[in-house]
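Trainee: my questions are about this predicted structure, shown below with the sequence.
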Amino acid sequence: MTVLLAGLCTVDVVQRVDELPAPGEKVQSLSVAVAAGGPATNAAVTVAALGGSATLLTVLGAHPLAELARADLVSHGVDVVDVLPDRADPPAVSAVAVRERDGERTVVSHNAGGIRRHFPRLAFPEGMRTVLVDGHHPELALAVARWARARGIPVVLDAGSWKPVLDELLPLVDIAACSGQFRVPGPSLHERGVPTVITTAGSGPVRWSTPTASGEVSVPPVTARDTLGAGDVWHGALAYGVGQYELPELIGFANEVAAERVRHTGPRSWVTAVRHRRMGVR
C-alpha cells in the first residue's frame, strides 16, 4: 500500500468563526489550529490514515515555519522528502477561515509562487504502487510522472485548476481527478491521452468516463462541519484505492472517506475516525 505524492506543502493557519468576515471587518475566532496543507500534502495524510505508506515529495526548506509543517506530517505517518532542504525563504502559507455552522471556508494562499523551478536533488523511492501529482511544482510533477510511466506505475492527477504544465503532463496521466471548476482549453482530456477522467461536484454525484464507458456515483449524505481539504482527502483516498478497487467502486470508496472528513472540525480531527474505521479497506 505504497503511494508517492508530489506537490505543494503549505503551512495552514486555520481559524473557526461564527461568520466569515466582510471586507474591512474584524471578527473573533472560536479556535485556531496550525497544520500542513496543500493538495498533495493532505492526500498524503489520507493515505497514511488509511494504513498505507505515504511518501511526500515537496518543498519545505530550512525556514523555522517549515518545521511546523514537517512535524505535523511526521506525526501523522508521512515520510517527507524535501527536494529543496536548504531553501532559506519561508514556505507557502495559507490563511483559512472556516464558518462554524456549515463548514464553509475561505482560503488565501501564496501557494508555490516564488519558488525556483529547478530541483537539483531528485531521488525517487522504489516500491511505489501509485503516484499522485498536483502540478503545483511543474518540473517536479513532470519528473515524477515520467519516472512512474517508465515503470508502469499508475499516475493520478489532482486537477483543481488548469495549469500550463498540463499540456505536457496530461499524456503521462492515467487518472485525471478534476474539480467541478476545472476547464480544459482545446482538446478534451481523453483526446489529450488520459484514459480515465473523474469529476467531483461537491455534494453532487461524481461523474466518470473512459473512452468506452461512463457513469456517476452518488455522494453519501452528510452534515458538513468542515469542508477544508475535503477534496484533497478524496484524492488521497482515490490514489490509495487504485489497484484495490475498479470503477465505479473506487469512486465510492473515495466518497466515503471524504464524507468522513467533513463530519469533523479541524485540520486533523478526522484522521482518528478514519484510522478507527479503516473505511472498509481490504
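Mentor: Done, it's in.

Trainee: checking my notes, residue 193 in a strand, right?
Mentor: No - counting by DSSP: H, G, I helix; E, B strand; the rest coil, residue 193 falls outside a strand, being coil.

Trainee: how confident was the prediction at the residue lying closest to it once chain neighbours are set aside?
Mentor: Closest residue to residue 193 apart from its sequence neighbours, by C-beta to C-beta, 6 or more residues apart in numbering: residue 171 at 4.1 Å. For the C-beta atoms, the positions are set from N, CA and C on the backbone; glycine is no exception. Residue 171 is assigned 98 on the pLDDT scale.

Trainee: isn't residue 171 up against residue 192?
Mentor: Yes - Residue 171 is in contact with residue 192 according to C-beta atoms under 8 Å; the separation is 6.5 Å.

Trainee: of those two, who's got more company?
Mentor: For residue 171 and residue 192, the more surrounded residue by other C-beta atoms under 10 Å is residue 192, and the numbers stand at 17 against 12.

Trainee: ok, now which ones touch the more buried one?
Mentor: Going by C-beta atoms under 8 Å, 6 or more residues apart in numbering, residue 192 touches 170, 171, 184.

Trainee: between the residues you listed, which is nearest residue 160?
Mentor: residue 184 (12.9 Å; C-beta to C-beta).

Trainee: how about the nearest residue to the closest one, chain neighbours excluded?
Mentor: Closest residue to residue 184 apart from its sequence neighbours, by C-beta to C-beta, 6+ apart: residue 162 at 6.8 Å.

Trainee: spit out the contact partners of the residue nearest to residue 181 when sequence neighbours are not counted.
Mentor: Excluding its sequence neighbours, the residue lying closest to residue 181 (C-beta to C-beta, 6+ apart) is residue 161, at 6.8 Å. Counting by C-beta under 8 Å, 6+ apart, residue 161 touches 179, 181, 182.

Trainee: same check on residue 132?
Mentor: 3-7, 40, 43, 155-158, 235-236, 239.

Trainee: from these, which ones fall inside strands?
Mentor: 3, 4, 5, 6, 155, 156, 157, 158 (DSSP state E).

Trainee: any idea which of these has the most stuff around it?
Mentor: residue 5 (33 neighbours).

Trainee: in this structure that one contacts residue 46, no?
Mentor: No - applying C-beta under 8 Å as the test, residue 5 and residue 46 come out as separate, 9.5 Å apart.

Trainee: can you list residues touching both of those two?
Mentor: Taking C-beta under 8 Å, 6+ apart as the criterion, residue 5 and residue 46 both touch residue 236.

Trainee: show me the shaky parts of the stretch 151-282 of the chain.
Mentor: Residues of the stretch 151-282 of the chain meeting the criterion pLDDT under 70: 277-282.
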